[in-house]
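Colleague: coordinates only, sequence not included:
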């Protein structure tokens, strides 16, 4: 390689360079994309009367993969000039090397070298390579090819360095503005999602109260009907419709991120089957949905509402990544991860797993589907596209279930997101479910019931009395305090809504425990309100019953709290 700084026989007048530099400053700040700005700047450079005729100026910017350079602008040259490079790998050729060497001017006289350049195999002239850098980071490369005449002197070289510095600073400013705009858009989108989420959470909260009354009255009616009554089917249909409505409210709460998490043993196949109609409706006519599930699939421990959201968001993101339509496949399999796999994945324990795979393949598929998990390396650089949950939330769902995920992608082969959850035995559920005899857990303790919704409070009181409990009813916290103060007997448990007028259930429990140490408490709510999670106003070990609930859920959870070891008085 030949380094030179020899002055040219004919230099450029300083005032001409100064005028050109001033014009460059005015040109670069004009509107337009980076390529347009660079093209205008090269036109200014080509308009200067250089000592050598017909210099060829090119500007290259990093490609989308950040591993190569692409041609962004080109001006000048003669008919004998080699075409400017359009795709250069990092560290390859002169421009590629400049990508990793910020702040250095590289001069190469191809006419004096025996080894030809890939971009100039005929050795037509001298090449000036200047990184367009700012703050130690190369943002592009400026290339000048001088075919004949005098080589650039110190003045011309110094001018080109200043031009490269100017263009690098402008590229940095534009990139900073784009990043600022992107972050601002993300913030505004987050605000909109928060507002929509609060609305969804409020609607779901009120709807859960209505469903709680419907479900419990229907269950009470079913309990009191003879086994052969023709009316039983009517009540069973009411209960089934209420269960479907409860599923919708769970989806609303998951969208608003205010649901009470309720992990339990579930069948992922069942979750997929229940989502089938919803998924097909969302995907549209140009996207085909294929579902393949393993018949004898093992169970996992997870909140079904969150697994639904996981599948919905991955599927919608896959759809949005295929603007021309395509095929989305959802599959489940049992897998055994042995020590050979876990050696390369230290966070994964060997054992049996349930694998959920969501695949997308279609023409024109974009790479942003990988953003579902933050890209192949889980970098989480982009917002999750097309869904309510972001990549952090998606990964939180996976981690809560003890699972892990990876992304497989290849050209023309589509992209697959695979998520593995530890398998559990079917009898690990331990949940209470009604049998054909409707034999509910009963009791004789005294319950102080505080609930501001009249229909919910009345039906809960009726269920509890039918189960043998003594019930004291209050519409809100202050009334509950008055009832407790005027009641001379023992109150065994406080059954209270979390959010009520005046003050909520956590404050009610705190005040009651001051006069009745050791009082047990069971909270009921349809929404995991911010006051619980952020302000820490409830006992970390508090037990919740999520609305809407059935008489069986209420009876079982009540006995769970009453039969547990007595709390230690503070």
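Modeller: That came in fine, so what should we check first? Everything numeric here is computed off the predicted structure, so don't read it as measured data.
Colleague: Low-confidence regions, the stretch 451-570 of the chain specifically.
Modeller: 526-541, 566-570 (pLDDT under 70).
Colleague: Apply 90 and report the result again.
Modeller: 453, 455, 497-507, 509-510, 517-518, 523-557, 559-570 (pLDDT under 90).
Colleague: measure residue 461 to residue 274 for me?
Modeller: 33 Å (CB to CB, to the nearest Å). All C-beta atoms are positioned from the backbone trio N, CA, C, and that covers glycine.
Colleague: no wait, residue 555
Modeller: Going from residue 555 to residue 274 by CB to CB gives 26 Å.
Colleague: okay, those two: which has more neighbours?
Modeller: Between residue 555 and residue 274, counted using other CB atoms under 10 Å, residue 555 has the larger neighbour count: 23 against 13.
Colleague: Moving along the chain from the helix or strand hosting residue 177, name the first helix or strand you hit.
Modeller: Using DSSP states H and E, residue 177 falls within helix 154-224. The first helix or strand that comes after helix 154-224 along the chain, using DSSP H and E, is helix 232-256.
Colleague: quick one: contacts for residue 23?
Modeller: residue 44 (CB atoms under 8 Å, 6 or more residues apart in numbering).
Colleague: what angle separates the helix or strand where it lies from helix 154-224?
Modeller: Residue 23 is part of helix 14-28 when elements are defined by DSSP H and E. Computed by axes from the mean of the first three to the mean of the last three CA atoms, to 10 degrees, the angle separating helix 14-28 from helix 154-224 equals 10 degrees.
Colleague: List the buried residues of helix 14-28.
Modeller: Neighbour-count burial for helix 14-28 flags 17, 20, 23-24, 27-28 (criterion: 16 or more other CB atoms under 10 Å).
Colleague: The next helix or strand after that helix - contacts with which helices or strands?
Modeller: Next along the chain after helix 14-28, taking DSSP H and E as the criterion, comes helix 34-46. Packed against helix 34-46 by the contact rule (3 or more CB pairs under 8 Å, 6 or more residues apart in numbering; DSSP states H and E) you find helix 14-28, strand 56-62, strand 68-76, helix 154-224.
Colleague: And the shortest one, what does it pack against?
Modeller: Here strand 56-62 is seen to pack against helix 34-46, strand 68-76, strand 137-146 when contacts are counted using 3+ CB pairs under 8 Å, 6+ apart.
Colleague: Figure out which of the ones you listed is closest to residue 249.
Modeller: Checking the helices and strands packed on strand 56-62 against residue 249 by CB to CB gives helix 34-46 as the closest, at 48.0 Å.
Colleague: Specify the beta-bridge partners of residue 264.
Modeller: Here residue 264 shows beta-bridge partners residue 302, assigned using DSSP bridges.
Colleague: Which pLDDT value goes with it?
Modeller: The confidence metric pLDDT takes the value 74 at residue 264.
Colleague: so what's residue 42 up against?
Modeller: Residue 42 touches 57-59, 73-76, counting by CB under 8 Å, 6+ apart.
Colleague: could I get these as CSV with neighbour count, pLDDT and distance to residue 171?
Modeller: Compiled in CSV, the contacts of residue 42 are given as follows (neighbours: other CB atoms under 10 Å; pLDDT from 0 to 100; distance: CB to CB, whole Å):
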residue, neighbour count, pLDDT, distance to residue 171
57, 25, 90, 16
58, 24, 89, 15
59, 28, 90, 10
73, 22, 90, 12
74, 21, 88, 17
75, 20, 89, 18
76, 20, 84, 21
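Colleague: Those residues: which two are farthest apart?
Modeller: Comparing the members of the contacts of residue 42, the greatest separation, given CB to CB, is between 59 and 76, at 11.9 Å.
Colleague: For the stretch 251-400 of the chain, which segments are assigned as helices?
Modeller: 268-283, 304-320, 339-342, 391-400 (DSSP state H, counting those that start in this stretch).
Colleague: just to revisit the earlier point, and of the helices and strands packed on helix 34-46, who's closest to residue 350?
Modeller: Among the helices and strands packed on helix 34-46, helix 154-224 comes nearest to residue 350, with 38.8 Å by CB to CB.
Colleague: Quick one: distance of that closest one to the chain centre.
Modeller: Distance of helix 154-224 from the chain centroid (CA atoms, centre = their mean, to the nearest Å) equals 10 Å.
Colleague: For that helix, give the mean pLDDT please.
Modeller: 83.
Colleague: just checking, what packs against that helix?
Modeller: Going by 3+ CB pairs under 8 Å, 6+ apart, helix 154-224 lies up against helix 14-28, helix 34-46, strand 126-134, strand 137-146, helix 232-256, helix 454-466, helix 551-563.
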